[in-house]
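>>> Got a sequence here, can you model it:
(chains A and B)
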Number of protein chains: 2
Amino acid sequence: MIATIKAEQLEAMGVLLDATQSLRTEVTVGVSGRHLHVCQEHVEILFGKGHSLTPIRGLSQPGQFACEEQVNLRSAKGEIQNVRVLGPVRPETQVELSLTDTFRLKLDVSVPVRMSGKTEGSPGLTLVGPAGEVELERGVIIAQRHIHMTPEDAAAFGLTDKQMVAVACGDARQVVFGNVVVRVSNEYSLDFHIDTDEANAAGVKTGDKGYLVRPTLSYQLPITNLLG
Amino acid sequence: MIATIKAEQLEAMGVLLDATQSLRTEVTVGVSGRHLHVCQEHVEILFGKGHSLTPIRGLSQPGQFACEEQVNLRSAKGEIQNVRVLGPVRPETQVELSLTDTFRLKLDVSVPVRMSGKTEGSPGLTLVGPAGEVELERGVIIAQRHIHMTPEDAAAFGLTDKQMVAVACGDARQVVFGNVVVRVSNEYSLDFHIDTDEANAAGVKTGDKGYLVRPTLSYQLPITNLLG
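Model (predicted):
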C-alpha cells in the first residue's frame, strides 16, 4: 500500500511535497461520472410502484453498486439524459454532478461543493424516469474530492477522519489536488475519488495512481525559513 | 505584476512552492471554452463565398477576437452545437476542445494535448456551418495549458520561452497545475490559459488569480535533504 513517491516527478512540477517516508503513499484514482442516489419513495415514483433497484456491477466501496436504472435530469434551461442511479437506496435523494454539468444545465443557483449527504441549501432539479417525475427541491451537489480508507490504512498513514490532504497525479497533465478530505470507516476501502472535471484536467482515469501528500508540522520550519 | 504569494495557502495544500522572492508571482486566469480557428478557404465554405469573419469582442491576447460566427461540430457518434469561431483567420483550421468535449463526441481517436498549431497526428471531425460543411482531416486538439507573457515579463520572472512551470490556483478546490508552458512574445500579454475542465476542477473563472511557481536549482538541495 505504501509506495515510494517519485521525487523527480514532483520536483518537475515545482512542488515539494511532504517529505517524511511514511507519507509517500500511492493511492488508486476512482473517477465518478455524474450519478444519483435515490430514496425508496422516489424509486417508486420514477420506476413504478413496488420497484426495487437492479444492480449491474459493484463499485469500489463495499456494498455500493451501479444500477440498471437511469433517469434524465431536467432544469428550466437544459437536460442531461441517461444518468446512472447508484444503489443501495438512501434516506435522501442526491444528484452528484461536475461543475461542467451544472453549466450545461444552466442552473440558476450555483451548486455547492459538498461531501455526500450534506445537501442543505443545495439546488434541486427535475428527475424524469420511465414511470414518473420527481421535482427535487434540493440535493444537487458537486462531490468534494476525498479519499476513502479503513481505520487500518489511516493508522498506517498517520491520518484521521476529515483531515485535509493533497494528492498529486497525472502524467502529461500533472496536477496536485488540494482540499482532499480523508474519510475513514470500516466500511470503506482505499480509493481516491474525483469527478470527471478533475480527472480530465489531470488526464487520469479510474485505476491510475496518485500520490498522497499531507501538510505536516515538520514543514512549518522549512517554509518559514525559505519564505522568510 | 509581481505579488506576494500566500505561503499559508500553499502550506494548506501540502505543497511548498518555489521560495525565491522573485518567483512569487501573481497571474490572471483566462479560461478558454471550446472554440475553433479557421482558414479563409473554410470560412467561405462554412459561411458563404467572399465571407469574412465578424468580430464581436476582443480577447486577452492583442489582435485576437471572438467572432459572431459559430459552427456545429459533428462526429460519427455525437454533436456539439454553436461552437464559437475566433479570429483572425489562420493558415490552418484548428478545433480546441476539452477532454470532456471529446468524450461527449465519442471520437474514435484520442485527442492529443498540444500547443496551438501543433496538429500533426490529431483527429478530424465535421464542421457544419450555415452555408456548408468541412470534413476536417486533422486539427482537433486539447490545448496544453500555458502562460502568455511579454519578453519584459519573462525577464522580470527569470523565465524563458517554452520553459515548464506550475501554477497554483483555486480556493475551495485548490489545485497546482504542472506542465504549464511559458510562451514569450512581443505580441502577447500576461495571461494563464486553461480550458474548462481545468477551470472547473479548480473552481476558477476568467479574471481569478493564480500563483506562478517554478522549479529551480535552488530547490534541489532541500529536496535531496528532505526526501533522502
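>>> quick one: low-confidence parts of chain A?
Along chain A, the model assigns pLDDT under 70 to residues A:1-24, A:214-228.
>>> Now do the helices for it: every range, in order, please.
A:7-12, A:40-47, A:99-104, A:151-157, A:196-202, A:220-227 (DSSP state H).
>>> Could you list the alpha-carbon positions for stretch A:33-41 in PDB?
Listed in PDB are the C-alpha atoms of stretch A:33-41, where the atom choice follows Å, rounded to 0.1, in the frame of the first residue of the first chain:
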ATOM      1  CA  GLY A  33     -19.200  10.300 -13.500                       C
ATOM      2  CA  ARG A  34     -22.500  12.100 -12.900                       C
ATOM      3  CA  HIS A  35     -24.900   9.900 -10.900                       C
ATOM      4  CA  LEU A  36     -27.600  10.000  -8.400                       C
ATOM      5  CA  HIS A  37     -28.600   8.200  -5.200                       C
ATOM      6  CA  VAL A  38     -32.400   7.800  -4.600                       C
ATOM      7  CA  CYS A  39     -34.700   7.200  -1.700                       C
ATOM      8  CA  GLN A  40     -37.200   4.300  -2.000                       C
ATOM      9  CA  GLU A  41     -40.200   6.700  -2.300                       C
END
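>>> from the chain's centre, how far out does that stretch sit?
Relative to the centre of its chain, stretch A:33-41 is centred 15 Å away, using CA atoms, centre = their mean, to the nearest Å.
>>> And stretch A:179-188, by the same measure?
Counting by CA atoms, centre = their mean, stretch A:179-188 comes out at 11 Å from the chain centroid.
>>> can you check stretch A:195-206 too?
On CA atoms, centre = their mean, the centre of stretch A:195-206 falls 11 Å from that of its chain.
>>> Same check on stretch A:49-65?
18 Å.
>>> Mind listing residues that contact it?
With contacts defined as CB atoms under 8 Å, 6 or more residues apart in numbering or on different chains, stretch A:49-65 is touched by A:30, A:38, A:43-44, A:66-69, A:85-89, A:131, A:148, A:187-189, A:191. (Glycine included, C-beta is placed from N, CA and C.)
>>> The same query, at a cut-off of 10 Å, please.
Outside stretch A:49-65, the residues within contact range by CB atoms under 10 Å, 6 or more residues apart in numbering or on different chains are A:28, A:30, A:32, A:35, A:37-38, A:40, A:43-45, A:47, A:66-69, A:84-89, A:129-132, A:148, A:183, A:185-193, A:206-207.
>>> Break chain A into its domains for me.
A:2-30+A:145-227, A:33-143 (automatic domain parsing).
>>> Give me whichever of those domains is most buried.
Compared across these, domain A:2-30+A:145-227 shows the largest average neighbour count, a mean of 19 (mean count of other CB atoms under 10 Å in any protein chain shown).
>>> Wait, A:His193 touches A:Ala143, no?
Yes - counting by CB atoms under 10 Å, A:Ala143 is a contact partner of A:His193 at 7.0 Å.
>>> shared neighbours, the two?
Counting by CB under 10 Å, 6+ apart, the residues touching both A:His193 and A:Ala143 are A:32, A:116.
>>> Pull the contacting residues for A:Val85.
A:35-38, A:42-43, A:46-47, A:53-54, A:65-71, A:93, A:127, A:129.
>>> how about 7 Å then?
A:36, A:38, A:53, A:67, A:69-71 (CB atoms under 7 Å, 6 or more residues apart in numbering or on different chains).
>>> Which one of those is nearest to B:Leu136?
A:Gln70 (32.9 Å; CB to CB).
>>> sorry, back to before: which one of the contacts of A:Val85 is nearest to chain B?
A:Gln70 (16.9 Å; CB to the nearest CB).
>>> Relative to A:Ile56, how far out is the closest one?
From A:Gln70 across to A:Ile56, the span is 11 Å (CB to CB, to the nearest Å).
>>> And A:Ser98, by the same measure?
22 Å.
>>> same question, A:Val95
Taking CB to CB, one finds A:Val95 at 19 Å from A:Ile56.
>>> what do you get for A:Gln163?
Distance from A:Gln163 to A:Ile56, by CB to CB: 34 Å.
>>> Tell me the spacing between A:Thr93 and chain B.
24 Å (CB to the nearest CB, to the nearest Å).
>>> before we move on, what about A:Asp101?
In terms of CB to the nearest CB, A:Asp101 sits 9 Å off from chain B.
>>> Need phi/psi at the nearest residue to that residue once chain neighbours are set aside.
The shortest distance from A:Asp101 to any non-neighbouring residue, by CB to CB, 6 or more residues apart in numbering or on different chains, is to A:Arg34 (5.3 Å). Per-residue torsions, A:Arg34: phi -60, psi 140 (degrees, to the nearest 10).
>>> do A:Ala76 as well
phi -60, psi -30.
>>> That one and chain B, how far apart?
Applying CB to the nearest CB to A:Ala76 and chain B gives a distance of 19 Å.
>>> Not counting residues beside it along the chain, what's closest to that residue?
Distances taken as CB to CB, 6+ apart put A:Asp108 closest to A:Ala76, at 7.1 Å, once the chain neighbours are dropped.
>>> again with A:Gln81
A:Asn72 (4.8 Å).
>>> what's near enough to touch that neighbour?
Contacts of A:Asn72 (CB under 7 Å, 6+ apart): A:79-83, A:128.
>>> A:Leu136 too?
A:Leu136 touches A:93, A:124-125, A:127, counting by CB under 7 Å, 6+ apart.
>>> just these now: which is nearest chain B?
A:Leu125 (18.3 Å).
>>> any idea how far the closest one lies from A:Arg34?
12 Å.
>>> can you check A:Met164 too?
From A:Met164 to A:Arg34 the distance is 25 Å (CB to CB).
>>> what do you get for A:Glu198?
Counting by CB to CB, the gap from A:Glu198 to A:Arg34 is 13 Å.
>>> repeat for A:Ser189
Taking CB to CB, one finds A:Ser189 at 23 Å from A:Arg34.
>>> repeat for A:Val95
Applying CB to CB to A:Val95 and A:Arg34 gives a distance of 8 Å.
>>> Also A:Met115?
From A:Met115 to A:Arg34 the distance is 17 Å (CB to CB).
>>> for A:Ile45, same thing?
20 Å.
>>> same check, this time on A:Asp153
Counting by CB to CB - A:Asp153 and A:Arg34 are separated by 28 Å.
>>> again, but for A:Arg145
15 Å.
>>> Let's see stretch A:80-93 as CSV, backbone CA atoms only.
What follows is stretch A:80-93, C-alpha atoms only, in CSV (Å, rounded to 0.1, in the frame of the first residue of the first chain):
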residue,chain,number,x,y,z
ILE,A,80,-28.9,15.7,-19.4
GLN,A,81,-30.1,12.2,-20.4
ASN,A,82,-29.4,8.7,-19.1
VAL,A,83,-27.9,9.5,-15.7
ARG,A,84,-27.0,6.3,-13.8
VAL,A,85,-28.6,5.5,-10.4
LEU,A,86,-26.3,4.1,-7.8
GLY,A,87,-27.5,1.8,-5.0
PRO,A,88,-28.5,0.8,-2.4
VAL,A,89,-31.3,3.3,-1.7
ARG,A,90,-30.6,6.1,0.7
PRO,A,91,-32.7,8.1,3.1
GLU,A,92,-32.4,11.2,0.8
THR,A,93,-32.1,11.5,-3.0
